[in-house]
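Undergrad: The following block contains a protein sequence and its predicted model.
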Amino acid sequence: MDNENSPPPKNGGQGSLPWLKRPRVVSPPTKWPFTPTSPLTDQNQDFALPSNSSQSQQNLLIQTISDQLRKYRTIRALKTMKGLPGFSKDFCQFVRDECRAEGDEILADKDPPLKDFNMDTLKNFSYEASLAKLENICPILMSSIAGSISDSKADMQSLSRFGFGGRRRGESVSLKPALVQTASAILHNRHPNSISTVQAINSLNNFTNQVTSRYFYLSNALGTSFSKKTATQLVDKVNEGHAWKVDSMKEKVEVMMSSSLTNRERAAQASAGVHGFCMFGDNVGKVVNPRHNTGLMNKGYYLQMAITLGVVNRIPSAHLSDLPIIRPKDVNYFPDEADLERIAGWMKFKIGLTISKYHPVFSKCGKFIRHPDISYASKKKAKSDACVLSLSLEDPASNHGMIKISEKLVPFVPAYPSGKKQKTIVFGDQGYVERGHSVSWGRSGEKLAVNQLEGLIFIPQEWHKLKEDLMIYNSRFNLSHQVDCAGTIQNIKNSFGHNKATKDASNFYPTWDLAEVTTDISLIALVCHITGKNLSAAPENIEEADFIGLIDEVFDKVSLLGKWRTVEGQMCQTVCQSSQAADPGQSSQTA
């Protein structure tokens with residue numbers, strides 16, 4: 001390359017400045033990052049700048065680029081090259097070729113095949129590890145996506161944005177899932193068999209959310225998931241390890257039993273994390289209607305099934321406080337001010353939800369409702385882990401069906417070092433427990449412990465009996481033929497839209513339906529009386545202060561907490577007087 005810093009020749013035979021009229025031929029660096037498109041002057045890589053531009057400006061531009069490359073200022077050189085003709089087109093071609101070459105690098109580090117996708121693959125997946133892998137294999141592709149999705153210059157693992165709206169719009173949302181999902185969809189369209197983990201997880205998510213077959217077809221065409229048939233196969237593979245939580249806890253319990261010699265050691269290990277597990281069983285009914293009616297049978301099929309859940313680290317209900325355990329004689333069994341305040345907060349929360357849901361005037365006030373603080377946070381943070389242990393087409397109301405159900409539960413029962421099964425509780429309703437006892441007694445004469453169904457202890461956890469009174473009231477007063485009689489429960493229930501077949505099935509049981517509709521009726525009637533606005537009024541823009549004031553006024557009228565404080569004071573005074581009469585010597589201390 002000619003020395004760009006040398007002075008121009010004094011006389012060249014073509015005027016005083018002949019070097020301005022002769023086209024300057026410049027040889028590019030040895031590792032030029034692009035291919036010039038300007039006309040070539042010879043067969044080498046030298047090129048001449050267009051004659052219709054100012055030669056001095058072009059020479060200055062090329063000299064600047066050369067100086068920046070010599071000083072390894074690559075980014076500045078690329079920015080300066082944007083002034084060269086044809087640079088954008090050539091640079092896009094360069095990036096395209098590099099991304100194509102990077103896409104082929106994924107063949108050396110493929111995702112596990114779909115036939116090996118299981119519960120362990122699902123548990124070990126993380127967006128952080130996937131993003132690090134893609135950054136290593138496809139740096140230019142990931143940089144292009146990161147530059148398009150965020151204007152931040154931070155590391156890809158730290159990219160985030162603010163929420164789009166709602167109450168959490170001020171929180172930071174990580175962009176790692178968006179980066180991984182976008183890059184995986186792009187690479188999956190090029191090498192479908194090499195990128196499959198993210199698509200498998202998306203397919204499972206679509207299946208669990210019961211999306212339609214058309215959406216499966218669309219997402220499969222876009223490369224974000226697999227077909228519905230493949231998703232069904234993935235569900236079966238994942239469900240093979242459905243009870244891994246219970247199996248893991250079973251191994252911990254067996255290790256504790258074999259390594260601990262005393263009850264104190266067992267209690268120490270149990271408090272350190274070996275909390276054990278229990279089971280819950282009940283019957284499940286499902287009506288299946290044929291999709292393609294052949295005309296031979298128009299009725300649906302009712303499937304009588306039995307389901308059993310395993311619950312690990314179940315939260316004890318005897319001690320929910322975050323404070324240390326105290327002696328029973330030191331416990332204050334009366335609710336204090338904090339308890340009453342917590343009860344009042346939850347009542348106001350439910351009152352606000354009911355008003356905004358059923359009264360049209362306050363239909364826009366749902367944004368003013370705030371969820372109360374959760375009590376016993378440290379206890380509830382370590383919530384129980386539940387998983388399905390068994391779902392079979394057996395009738396738990398028959399001995400044969402209960403035997404089949406129990407045979408599937410025995411393998412989950414931990415064993416002592418001697419081989420004897422540890423007692424494991426199986427909760428259920430009265431009918432479920434009755435069949436369980438009958439099966440245990442019937443199998444007690446078997447020679448093998450497995451056939452004896454050893455270790456299963458059936459205990460009733462009955463909640464049906466608590467609703468017997470409501471069932472009687474419902475059968476007496478909630479009569480279907482009174483739907484057109486004003487003032488009856490059925491008429492008001494129908495006007496409010498309380499149907500048993502709801503989306504979340506929250507009021508499926510008639511007793512809960514009765515309790516819910518009567519409470520809502522009384523509450524909305526009180527709101528109409530206080531505000532003077534009936535249910536035919538149009539929605540209004542209510543201020544937050546006015547809505548909160550209405551909730552407080554309704555709470556004061558329906559709550560009995562004020563009367564409870566009075567009764568509590570009278571009871572405490574009575575207890576103190578009784579203590580003084582029993583032991584006059586300690587009257588001052590008791591008071």
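TA: Perfect, I can see it now.

Undergrad: use CA for all of it now, contacts and neighbours both
TA: Fine.

Undergrad: residues in contact with the most centrally placed residue in the chain?
TA: Note on the chain: the residue nearest the mean C-alpha position is Asn205, at 10.3 Å, using C-alpha atoms, centre = their mean. Under the criterion of C-alpha atoms under 8 Å, 6 or more residues apart in numbering, Asn205 has no neighbours.

Undergrad: Quick check: the gap between it and Ser258.
TA: Spatial separation of Asn205 from Ser258 under the definition C-alpha to C-alpha, to the nearest Å is 41 Å.

Undergrad: And the residue nearest to the centre of the chain, how close does it get to Glu553?
TA: Between Asn205 and Glu553 the computed distance is 44 Å (C-alpha to C-alpha).

Undergrad: Could you do Gly83 as well?
TA: Where Glu553 is concerned, Gly83 sits at a distance of 72 Å (C-alpha to C-alpha).

Undergrad: And for Gly170?
TA: Applying C-alpha to C-alpha to Gly170 and Glu553 gives a distance of 32 Å.

Undergrad: measure the residue nearest to the centre of the chain to Val388 for me?
TA: Relative to Val388, Asn205 is positioned 18 Å away (criterion: C-alpha to C-alpha).

Undergrad: what do you get for Pro112?
TA: Distance of Pro112 to Val388, given as C-alpha to C-alpha: 27 Å.

Undergrad: go on, Asp556?
TA: 44 Å.

Undergrad: the strands in this protein, which residues?
TA: Listed in chain order, the strands of the chain (DSSP state E) span residues 160-162, 172-174, 277-288, 301-312, 385-392, 424-428, 456-460.

Undergrad: now the ones you listed as TSV including distance to Ser196?
TA: Below are the strands of the chain laid out as TSV (distance: least, C-alpha to C-alpha, whole Å):
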stretch	distance to Ser196
strand 160-162	25
strand 172-174	22
strand 277-288	33
strand 301-312	31
strand 385-392	26
strand 424-428	40
strand 456-460	42
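
Undergrad: in the stretch 151-300 of the chain, what spans have low per-residue confidence?
TA: Within the stretch 151-300 of the chain, the set of residues satisfying pLDDT under 70 comprises 164-169, 271, 288-300.

Undergrad: quick one, what contacts the closest residue to His188 other than its chain neighbours?
TA: For His188, the nearest residue in space outside its immediate sequence neighbours is Ile195; the separation is 5.3 Å by C-alpha to C-alpha, 6 or more residues apart in numbering. With contacts defined as C-alpha under 8 Å, 6+ apart, the neighbours of Ile195 are 110-111, 184, 187-188.

Undergrad: Ok, Ile201 next?
TA: Contacts for Ile201 were tallied using C-alpha under 8 Å, 6+ apart; they are 122, 225.

Undergrad: how near is it to Leu122?
TA: 7 Å.

Undergrad: Lys364 too?
TA: From Lys364 to Leu122 the distance is 41 Å (C-alpha to C-alpha).

Undergrad: got the CA coordinates for stretch 174-186 in PDB?
TA: The C-alpha trace of stretch 174-186 is given here as PDB (Å, rounded to 0.1, in the frame of the first residue of the first chain):
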ATOM      1  CA  SER A 174     -36.000 -10.900  32.700                       C
ATOM      2  CA  LEU A 175     -35.500 -11.200  28.900                       C
ATOM      3  CA  LYS A 176     -33.700 -14.500  29.100                       C
ATOM      4  CA  PRO A 177     -36.800 -16.600  28.200                       C
ATOM      5  CA  ALA A 178     -37.500 -14.300  25.200                       C
ATOM      6  CA  LEU A 179     -33.900 -14.700  23.900                       C
ATOM      7  CA  VAL A 180     -33.900 -18.500  24.300                       C
ATOM      8  CA  GLN A 181     -37.400 -18.900  22.800                       C
ATOM      9  CA  THR A 182     -36.600 -16.700  19.800                       C
ATOM     10  CA  ALA A 183     -33.200 -18.300  19.000                       C
ATOM     11  CA  SER A 184     -34.600 -21.800  19.500                       C
ATOM     12  CA  ALA A 185     -37.500 -21.200  17.100                       C
ATOM     13  CA  ILE A 186     -35.000 -19.900  14.500                       C
END
